[in-house]
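> with the sequence up front, the predicted model follows.
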Amino acid sequence: MASDHLSLAAELLVITAQKRVMLTCAESCTGGMLAAALTDLPGSSAMFDRGFVTYTNAAKIALLGVRQATLDADGAVSESVASEMAVGALTRSEAHLALSITGIAGPGGSEHKPEGRVCFALATSKGCKAETQEFGAIGRSAVRQAARDHALHMLLTAVHDLPHI
């Protein structure tokens, strides 16, 4: 399973090249793991424009345009913040598709936002959709890897559904 992210990235590289699609990502709890997976392969500059690692709320606001009101109302680990992160990354890049990740890798969490909860959002010029995954209290490293791999699967599905650019 350790190299599964490499095979997903390799598949993405082929499909994005065929469709001439560029990707970007905005990451919080994964701290750049998605960007690293997308750039592990030679030729990845053909599919990856840039990545944003916005670990703090201040970084989310400054680099991605996440609204303070959204953070205050819903917290950083929410589909609304994930959506604003994805839209912000898309509008601040040359990409056709943006994926964001924000979550609680652990240890810790609360009754309302447990360890292992990760919110994702995918933005294109046609809109944005968000989802939440509950990976559980499987440990910080495992949550981060699961989030990276889930994001790669989301990107693959989305790229398959995109028309040629």
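Sure thing, it's come through.

> just give me the neighbour total for the residue nearest to Ser93 when sequence neighbours are not counted.
Once flanking residues are discounted, Ser93 sits nearest to Thr24: 4.1 Å by C-beta to C-beta, 6 or more residues apart in numbering. For every residue, glycine as well, the C-beta is placed using N, CA and C. Per other C-beta atoms under 10 Å, the neighbour tally for Thr24 reads 26.

> so Thr24: helix, strand or coil?
Here Thr24 is recorded as strand under DSSP: H, G, I helix; E, B strand; the rest coil.

> my guess is it meets Asp49, correct?
Yes: using C-beta atoms under 8 Å, Thr24 makes contact with Asp49 at a distance of 5.0 Å.

> where do the contact lists of these two overlap?
93, 95 (C-beta atoms under 8 Å, 6 or more residues apart in numbering).

> so where do the strands sit in this structure?
23-27, 48-53, 97-103, 117-124, 127-134 (DSSP state E).

> for Ala36, find the nearest of these.
strand 48-53 (8.7 Å; C-beta to C-beta).

> so that closest one versus strand 23-27, what angle?
10 degrees (axes from the mean of the first three to the mean of the last three C-alpha atoms, to 10 degrees).

> residues making contact with strand 48-53?
Residues contacting strand 48-53 (C-beta under 8 Å, 6+ apart): 22-28, 31-32, 34-35, 38-39, 59, 63-64, 85, 88-89, 92-95.

> show me the residue at the heart of this structure, geometrically.
Ser100 (2.9 Å; C-alpha atoms, centre = their mean).
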